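Asks: Predicted coordinates and the sequence they were generated for:
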Amino acid sequence: MTDPTARGDTGQSDAELVAAAASGNALAFRALYRAYARPVYWVAHGLVGNAADAEEVMQETFLTAWRKLPGMTLEGESALPWLVTICRFQSANRIRRQQRDRANTAAAVDETIPATVDVEHQVITAQLTERILREVATLSALDQEIFRLCAAEGYAYEAAAEQLGVSHGAVRNRLSRIRTRLRSAIEPEGR
């Protein structure tokens, strides 16, 4: 069975990859990028609302992460919460920049930029993401990997099972339990 906390072909945990990348190891950083680019992209897409800006925010997130690596020590088993936090700040910066540009440029109206930014929706989305990430962090290492592969990266059960060295049924059953647990964790309080 493969180590469920390993990223890519390196066989290293996220903490080891972050430490190696902080020392200037570009291959370690590339492994982190490959593991988390897609989930970071989808968080950015949810915040900025379109593919082009989400792609830019994802790239800015990893550039910022690279710059912040020196002196960084990863708390927990996954680098995803750290990257999502950077992504949220980059998304907010991009939205503010676009609002400022719109206010200063009366001539061209870009239809792809929302006319108003629903701050309440952004706050709710960010809070929901935080609750999901906190709950995922409490899962076993295998369940975290199943969630990452199937829910965040879109792997089919069979592909995830092969990647993790477990049966198709184990992935299907565990993912069902994970989803039920996450649904109950994100239900509005008082329900």
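Replies: Sure thing, it's come through.
Asks: and the lowest-mean-pLDDT helix or strand in the chain, which residues are buried?
Replies: Lowest by mean pLDDT, DSSP states H and E among the helices and strands of the chain is helix 119-137, with a mean of 75. Using 16 or more other C-beta atoms under 10 Å as the test for burial, helix 119-137 gives 122, 125-126, 129, 132-133, 135-136. No exception for glycine: its C-beta is placed from N, CA and C like everyone else's.
Asks: Out of the residues you listed, which is nearest to residue 79?
Replies: Lowest distance from residue 79 to the buried residues of helix 119-137 (C-beta to C-beta) belongs to residue 133, with 11.3 Å.
Asks: What lies in contact with the longest helix along the chain?
Replies: For the chain, the helix that runs over the most residues, judged by DSSP state H, is helix 80-104. Here helix 80-104 makes contact (C-beta atoms under 8 Å, 6 or more residues apart in numbering) with 36, 39-40, 43-44, 47-48, 53, 56-58, 60-62, 64-65, 68, 72, 74, 109-110, 113, 117, 122, 126, 129, 133, 137, 148, 152.
Asks: and it with helix 119-137, angle?
Replies: Computed by axes from the mean of the first three to the mean of the last three C-alpha atoms, to 10 degrees, the angle separating helix 80-104 from helix 119-137 equals 170 degrees.
Asks: Can you point out the buried residues in helix 80-104?
Replies: In helix 80-104, counting by 16+ other C-beta under 10 Å, buried: 80-88, 90-92, 94-95, 98.
Asks: my guess is residue 186 meets residue 131, correct?
Replies: Yes: if you go by C-beta atoms under 8 Å, residue 186 and residue 131 touch, sitting 5.2 Å apart.
Asks: re earlier: need the buried residues of helix 119-137 in a markdown table with distance to residue 160, can you?
Replies: Shown next, in a markdown table, are these (distance: C-beta to C-beta, whole Å):
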| residue | distance to residue 160 |
| --- | --- |
| 122 | 31 |
| 125 | 26 |
| 126 | 27 |
| 129 | 22 |
| 132 | 19 |
| 133 | 20 |
| 135 | 19 |
| 136 | 15 |
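Asks: Please identify which of those is nearest to residue 13.
Replies: Once C-beta to C-beta is applied, the member of those that ends up nearest residue 13 is residue 136, at 15.8 Å.
Asks: which residues sit in contact with the closest one?
Replies: 78, 144, 147, 182.
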